[in-house]
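S.K.: Let me see the structure of the following:
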Amino acid sequence: MSEFKLAICTIFDPVLYGTDEHSSQGIETHYLNIYTIELDEFYNNDYKNIIQLITMSLLSDTEKSHPIIRNYDAIIKMDNYIKLNIIKCDELSGLEQVGYIKTFWLKIIQRRWKKVYKERQHLLTARSNPCVLQERQQTGQWPNHLRDWPKFTLNLYCHKRV
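M.R.: This next block holds a predicted model:
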């Protein structure tokens, strides 16, 4: 079983979902796992109906407030607030199923790949210059500034560990 799942998550709303004496402390700061998507539901696009139902239920009230998030009303009215996410699922002490959203890693990888692709296209265009091709034909090598092929590397750690 994978530790990552496809799920629909929303910010925990105490008014909508309620709390009691058994609720986990700090639950208001988590994303509540509303619905976990199985692969057959994903491939059949059945999850889209569930997203519509959840969106309609959230937008049914006119004004929403949250004890911690100041612009909660604006967040839930965004078009892409209720969406399919890749999450790491966890169960809190109050037995609430919460999800830690990991979908943003895909966007980081996409941005990095776009940059590498653009650098490679630029390199190929520069290598097709007749002067550069003539130098390669005479010396057997590309000019120094056109020798290195841009590589895809992902620096996940921005800060050096001490």
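S.K.: just checking, what's the longest helix in this structure?
M.R.: helix 104-127 (DSSP state H).
S.K.: Figure out how far that helix is from the centre of its chain.
M.R.: Counting by Cα atoms, centre = their mean, to the nearest Å, helix 104-127 is centred 19 Å from the centre of its parent chain.
S.K.: Show me what it is in contact with.
M.R.: Contact with helix 104-127 is made by 86, 132-133, 136, 142, 146, 149-152, 154, as judged by Cβ atoms under 8 Å, 6 or more residues apart in numbering. Using the backbone N, CA and C atoms, a C-beta is placed for each residue, glycine as well.
S.K.: Which ones among these lie within strands?
M.R.: Among the contacts of helix 104-127, the subset assigned to strands under DSSP state E consists of residue 86.
S.K.: which among the contacts of helix 104-127 gets closest to residue 19?
M.R.: Nearest to residue 19 among the contacts of helix 104-127: residue 86, at 27.3 Å, using Cβ to Cβ.
S.K.: Dig out what that closest one forms beta bridges with.
M.R.: Note on residue 86: beta-bridge partners residue 6, judged by DSSP bridges.
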